[in-house]
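Trainee: got a sequence here, can you build the structure:
(3 chains)
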Amino acid sequence: MVDLNEFHKLLEGLVSLKPEKLYAQDFLLTWEKSLEDLKTVLKVAQIIRFFRDNNVSPKVYDSGLAISIFRDKSTRTRFSYTSAADLLGLQVIDFDEKKTQIAHGETVRETMNMISFMTEVIGIRDDMFIGVGDAYMRQVGQALDDGFEHGVLPQRPTIINLQSDIDHPTQTMADLLHLVDYFGGLENLKGKKIAVTWAYSPSYGKPLSVPQGIIGLMTRLGMHVVLAHPEGYDLMPEVVDLAKNQAKLYDSKFEIVNSMDEAFRDADIIYPKSWAPFWVMQERTKLLKAGDEKGLEELEKQALAENAKHMDWVTDEKRVALTKDGKALYMHPLPADISGLNCEHGEVTNEIFERYRIQTYKQASWKPYAIASMILNSKFKDITAVVENIFASNQPRVKYSNF
Amino acid sequence: MVDLNEFHKLLEGLVSLKPEKLYAQDFLLTWEKSLEDLKTVLKVAQIIRFFRDNNVSPKVYDSGLAISIFRDKSTRTRFSYTSAADLLGLQVIDFDEKKTQIAHGETVRETMNMISFMTEVIGIRDDMFIGVGDAYMRQVGQALDDGFEHGVLPQRPTIINLQSDIDHPTQTMADLLHLVDYFGGLENLKGKKIAVTWAYSPSYGKPLSVPQGIIGLMTRLGMHVVLAHPEGYDLMPEVVDLAKNQAKLYDSKFEIVNSMDEAFRDADIIYPKSWAPFWVMQERTKLLKAGDEKGLEELEKQALAENAKHMDWVTDEKRVALTKDGKALYMHPLPADISGLNCEHGEVTNEIFERYRIQTYKQASWKPYAIASMILNSKFKDITAVVENIFASNQPRVKYSNF
Amino acid sequence: MVDLNEFHKLLEGLVSLKPEKLYAQDFLLTWEKSLEDLKTVLKVAQIIRFFRDNNVSPKVYDSGLAISIFRDKSTRTRFSYTSAADLLGLQVIDFDEKKTQIAHGETVRETMNMISFMTEVIGIRDDMFIGVGDAYMRQVGQALDDGFEHGVLPQRPTIINLQSDIDHPTQTMADLLHLVDYFGGLENLKGKKIAVTWAYSPSYGKPLSVPQGIIGLMTRLGMHVVLAHPEGYDLMPEVVDLAKNQAKLYDSKFEIVNSMDEAFRDADIIYPKSWAPFWVMQERTKLLKAGDEKGLEELEKQALAENAKHMDWVTDEKRVALTKDGKALYMHPLPADISGLNCEHGEVTNEIFERYRIQTYKQASWKPYAIASMILNSKFKDITAVVENIFASNQPRVKYSNF
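Mentor: I've put the predicted structure just below:
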């Protein structure tokens, strides 16, 4: 029943790769990983999906915890993380800061050791404040290093960034898996034009991590990456600079324009999504720290008024017609603000969204596999041997599945 | 140690059944299932209980999620669902709408796909509002159908109704398992009189799903079903009509009376429980939608005043004496309002409740098995082969249990 | 790879022990257990740690629930309990009283049966009110006995005290495991001086269970136990009397002094920790029951003012210098109030805490093993046979761990 040829083809792609910074490493930013690392994550994600589709259980743990720390709301990432951990045999437990003694003066250094005696992985979402999320994850990492080195922890839990202020690697790697699937291979992405554009939304304060993550990843793949936004809606300058440099290094093209039409023109892929300007996010972080309620209200009013000037940044029939053969692949991390469905004026018209809806769901469907791959790659040095052994063990995920 | 004869007797009963609407189906209302379907669920529940009692593990999943969505409070159903899912090998994760992006404009269509990439079953309680709960479950079902058909989901999660506005099938099937156990067989229920009666409670707004579920199920078993309530405390008319029609079709008897004494007279089984009148539940739903706080207060006052007129609808020594030999089996889904224990005047006197307390606990004890059976029957077509294989595998639930 | 000699040495220590009150018993107070019981718990905890360190999975359950009930906040105990249950194969589910029908008039007697149909262990923290926590755990135990005896429950879940008003046995047994590890054997603790002393804290109302648990345990080990606190900061008189009596019975020494210096002098171990005076905890419980908000505020003010008089009860360089060779082992259940780190004036200076920080983390690291041992000992009569079989089964916790 299992297609041996398909498995061997997937395996062949894996054998030739030489990952450098996956084993015993956290996964915080895609650009901290080598290209071979990223290709390894993609390949192993595809293999895990192949396993599950063929009822082969990739359960490698007989016990162990996977902790999640969500400092912001989450639906799909929460369930993707849970699914990935469960698939590998880990029990998921949410670390709810309200139910703990954090307020009691406990330090991050201490807490992270206290919860990690039998913990294999810690997934963290901390995306609300500029300068906070990524820094927090690194602080957690240092605490875990300290505990592991001093013999407090029998294993060093792997940290998976489930969205920080800077990057959203489980999202962008899932996006990339979808693109590889859609275009029939990573090599087919070379030269393709992807438009990462701002879009109008009636809400405010959406994180920058997705557009940042996309330009930080796609500029390494030989793609033509166009970032488009109204004036003032800049991303973090460090990430924009990184994208520029990478474009040079990796034979890609990166440009910034202030026109959605220009970005869409002849694009193979469009990724329109709202975000708050960098300066607004910075200001917001400051006001929040200062507890300046009135200032925050003012800022929101001002930001929404500014947003309202750009209500025409919407993905509609007319704009999609500008793309390559009028058929660019539309992408969104979801949930989207859909005009006439869940808001009056949003990021995309209902007509366009409905045309690509199933594609956006398929895009999302890769996230559990991306996460499972990140975990597995961090935990096992010889990943090829591991997947070969999983395959050979032929342990069914569902017993009696043929009945 | 395992009683082979008992297993073979249980298996024999199963082999002859021809379920029609269990495999690959949700379980929302018992009356959507054929009588053979229901008998199959009963038999498989008994077999799963036999397995657990004999330390045979019916774990069929090496991994997979069971999601619970509770839109109302729950103790026993929550733990029964968790126990059932765990017994089969699934990790339970509660979908807490507050922690998600639902408020962020996410649609049911989308959310349900996003949480289901590795999900085998979704249990839903939504029983507060007339016209809402059952409809919501069907909406979820359509979303999952859509995702499965379009290749978004590798499996179609089964929806289990953990109490809707219309029916409470995990409760009533557990109740039926208890009756089968108590009276020594399903065939022994034929001709038995069951009194489903309203009872006074100091609280207000209790769901209709239990009495509705009971008259919707027991009228298919050749029983004499008497529904009793004060005037005005009607159930949903569709369900009452259904019970009437079923009584004719299935050689049962169904009558409605306005006297508790009349219902209890010569009853073999008494099932007295408070509920809100249908019109009150409808009115309440309207007022809640309109956000009419004052109207809601008025309605509560009015309903409680009406309730207070029927304080004599209590199960006490005198009334139980009216039943068959004064020894009818008392049933309750729990928790009960017990006069002198947790309220001044309730549904039942402490004396009577205490006499039947252990029986009501045993009644409840069947719920995990009813749910596990619903899941297993939905997931496997040849259920006989599956239980035979579980038995043959002889995997212990507790290792070293003889030490 | 596994050190057979080490395993056999651990096993030898176990074989000779004759536990009396572990199998089929709850674990509420260490002093309800025989000394052989406690030694058995220690030995099995060490063996489970040995198993995990050597990648041998002590999973004995193929399915089953471990319920946690936290009536007070918790970080390390929550994760220790979860880790222990997971290691043995149980799925952890938190019983959140807010999400249940408890408020609906449900009795403890009933609820505990309703959640226990497939439950192996219930861990409870209830430490806030004098006279409540331990009593509640025993009430739960009676409810479970009742259900088990009447055939409602197929197994009697074991209750583990995760901190009551009287004792904190998972903490003190973990502490003892740390001492055994640190001093190279239980027999080496004989004659050692341990200073259990009050310490100043800017907060108020900390439970008494840790100091009570320590004097209730260490006075059975031939140790020299000194309890030190300012006048008025008494512990529960029953526990103090118990410690006195035990000291006589078990060839230990127990004294109470009102000077931190005196307690520290020549101590081998120092355990300085803040707590509220017994009378304050009693008064607080009364006021809380009476709903006397104003009285509570008054009490807090009064208690903090009293605390402030004893700000010099701090563990600093000068005091540590008084201990045996200036090198006593510092212990704390964490989190500690650390002067200059998480408060201005606390229980210990940053300098001292930092010196012993890793030791306090190692102390905490024993808790999951202590809990797993308590569970296993309660569930299996022939514990030696069980650990021998686990070892022989050689089931890996992490598959492919050598890759």
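Trainee: low pLDDT regions in chain A?
Mentor: Residue ranges of chain A with pLDDT under 70: A:1, A:99-106.
Trainee: for it, what's the longest helix?
Mentor: For chain A, the helix with the greatest residue count under DSSP state H is helix A:35-53.
Trainee: alpha carbons of the following helix or strand past it, as PDB, please.
Mentor: Beyond helix A:35-53 on the C-terminal side, the first helix or strand identified by DSSP states H and E is strand A:65-70. Taking Å, rounded to 0.1, in the frame of the first residue of the first chain, the C-alpha atoms of strand A:65-70 are listed here in PDB:
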ATOM      1  CA  LEU A  65       6.400  16.900  27.800                       C
ATOM      2  CA  ALA A  66       5.900  19.600  25.200                       C
ATOM      3  CA  ILE A  67       5.100  22.900  26.900                       C
ATOM      4  CA  SER A  68       3.400  25.800  25.100                       C
ATOM      5  CA  ILE A  69       3.600  29.400  26.300                       C
ATOM      6  CA  PHE A  70       1.100  31.700  24.500                       C
END
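Trainee: what about stretch A:158-172, start to end distance?
Mentor: 19 Å (CA to CA, to the nearest Å).
Trainee: okay, buried residues for that stretch please.
Mentor: Residues of stretch A:158-172 classed as buried by neighbour count (16 or more other CB atoms under 10 Å in any protein chain shown): A:158-172. Backbone N, C-alpha and C define where each C-beta goes, glycine included.
Trainee: strands - which of these land there?
Mentor: A:T158, A:I159, A:I160, A:N161, A:L162, A:Q163, A:S164 (DSSP state E).
Trainee: the fourth one - nearest residue in space that isn't next to it in sequence?
Mentor: If you skip the residues right next to it in sequence, A:N161 has A:L28 as its closest partner in space, 4.6 Å away by CB to CB, 6 or more residues apart in numbering or on different chains.
Trainee: ok, now the fifth one?
Mentor: When the adjacent residues along the chain are set aside, A:L162 lies closest to A:R125, with 4.2 Å between them (CB to CB, 6+ apart).
Trainee: burial check on the one you found, number of neighbours?
Mentor: A count of nearby residues for A:R125, using other CB atoms under 10 Å in any protein chain shown, gives 26.
Trainee: tell me the secondary structure at A:G123.
Mentor: strand (DSSP: H, G, I helix; E, B strand; the rest coil).
Trainee: that one contacts A:S68, correct?
Mentor: Yes: between A:G123 and A:S68 a contact is recorded at 4.8 Å, counting by CB atoms under 8 Å.
Trainee: the more surrounded of the two?
Mentor: A:G123 (31 against 22).
Trainee: give the contact list for the more buried one.
Mentor: Counting by CB atoms under 8 Å, 6 or more residues apart in numbering or on different chains, A:G123 touches A:A66, A:I67, A:S68, A:I69, A:Y81, A:A85, A:I159, A:I160, A:L162, A:I371.
Trainee: so the first one sits against A:L90, correct?
Mentor: Yes: the pair formed by A:A66 and A:L90 meets the contact definition of CB under 8 Å, at 4.0 Å.
Trainee: who touches both of these two?
Mentor: A:E120, A:V121.
Trainee: which bits of the stretch 151-300 of chain A sit near chain B?
Mentor: A:S203 (CB under 8 Å from any CB of the partner chain).
Trainee: now the strands for the stretch 151-300 of chain A?
Mentor: Assigned by DSSP state E, counting those that start in this stretch, the strands in the stretch 151-300 of chain A fall at A:158-164, A:193-198, A:224-228, A:253-257, A:269-273.
Trainee: quick one, the first one and strand A:65-70 angle?
Mentor: The one in question is strand A:158-164. Angle, strand A:158-164 to strand A:65-70, by axes from the mean of the first three to the mean of the last three CA atoms, to 10 degrees: 20 degrees.
Trainee: so the closest residue to A:F27 other than its chain neighbours is in which element?
Mentor: The shortest distance from A:F27 to any residue other than its chain neighbours is 4.6 Å, reached at A:M374 (CB to CB, 6+ apart). Per DSSP H and E: A:M374 is located in helix A:367-379.
Trainee: if you count contacts, what does that helix end up packed against?
Mentor: With contacts taken as 3 or more CB pairs under 8 Å, 6 or more residues apart in numbering or on different chains; DSSP states H and E, helix A:367-379 sits against helix A:35-53, helix A:76-88, strand A:119-126, strand A:158-164, helix A:169-183, helix A:383-393.
Trainee: what helices or strands is the fourth one leaning on?
Mentor: When you say that, I think you mean strand A:158-164. Counting by 3+ CB pairs under 8 Å, 6+ apart, strand A:158-164 packs on helix A:76-88, strand A:119-126, helix A:133-149, helix A:169-183, helix A:367-379.
Trainee: same check on the first one?
Mentor: Counting contacts by 3+ CB pairs under 8 Å, 6+ apart, the secondary-structure elements packed against helix A:35-53 are helix A:4-15, helix A:169-183, helix A:367-379, helix A:383-393.
Trainee: and the contacts of A:G123, which two are furthest apart?
Mentor: Across these, the longest distance by CB to CB is 14.6 Å; it joins A:I69 and A:I371.
Trainee: between the two, who's got more neighbours?
Mentor: Each of A:I69 and A:I371 has its neighbours counted (other CB under 10 Å); A:I371 has more, 32 against 20.
Trainee: hang on, the earlier thing: among the helices and strands packed on helix A:367-379, which is nearest B:A195?
Mentor: So among these, helix A:76-88 is nearest, using CB to CB, at 45.0 Å.
Trainee: so how far is the closest one off the chain centroid?
Mentor: 13 Å (CA atoms, centre = their mean, to the nearest Å).
Trainee: close to chain B, is it?
Mentor: Yes: counting by CB under 8 Å from any CB, contacts between helix A:76-88 and chain B involve A:R76, A:R78, A:F79, A:S80, A:T82, A:S83, A:D86, A:L87, A:L88.
Trainee: wait, what's in contact with the third one?
Mentor: What that stands for is A:F79. A:P368, B:L65, B:I93, B:M114, B:I115, B:F117, B:T119.
Trainee: can you count the residues close to A:K9?
Mentor: Close neighbours of A:K9, defined as other CB under 10 Å, add up to 12.
Trainee: so who does the most centrally placed residue in chain A touch?
Mentor: What sits nearest the mean C-alpha location of chain A, by CA atoms, centre = their mean, is A:Q171, with 2.1 Å. When contacts are counted by CB under 8 Å, 6+ apart, A:Q171 touches A:T77, A:Q163, A:S209, A:V210, A:G213, A:P333, A:K367.
Trainee: which of the residues you listed sit farthest apart?
Mentor: A:S209 and A:K367 (14.3 Å).
Trainee: re earlier: mind listing the shared neighbours of A:G123 and A:S68?
Mentor: If you check A:G123 and A:S68 against CB under 8 Å, 6+ apart, the residues they both contact are A:Y81, A:L162.
Trainee: need the contact list for A:L217.
Mentor: A:L217 neighbours (CB under 8 Å, 6+ apart): A:T30, A:W31, A:L38, A:T172, A:M173, A:L176.
Trainee: before we move on, back to that, tell me which of the helices and strands packed on helix A:35-53 is the most buried.
Mentor: helix A:367-379 (a mean of 27; mean count of other CB atoms under 10 Å in any protein chain shown).
Trainee: could you check the angle that one makes with helix A:76-88?
Mentor: For helix A:367-379 against helix A:76-88, the angle by the same axes, to 10 degrees is 50 degrees.
Trainee: what's the local residue count around A:K289?
Mentor: A:K289 has 10 nearby residues by other CB under 10 Å.
Trainee: mind checking how far it is from chain C?
Mentor: 19 Å (CB to the nearest CB, to the nearest Å).
Trainee: roughly how far does that residue sit from chain B?
Mentor: 24 Å.
Trainee: now the residue of the stretch 201-350 of chain A found nearest chain B: phi and psi?
Mentor: Proximity of the stretch 201-350 of chain A to chain B (CB to the nearest CB) peaks at A:N342, 3.6 Å away. Torsion angles at A:N342 (phi, psi; degrees, to the nearest 10) stand at phi -120, psi 10.
Trainee: distance check, it against chain C.
Mentor: Distance of A:N342 to chain C, computed by CB to the nearest CB: 28 Å.
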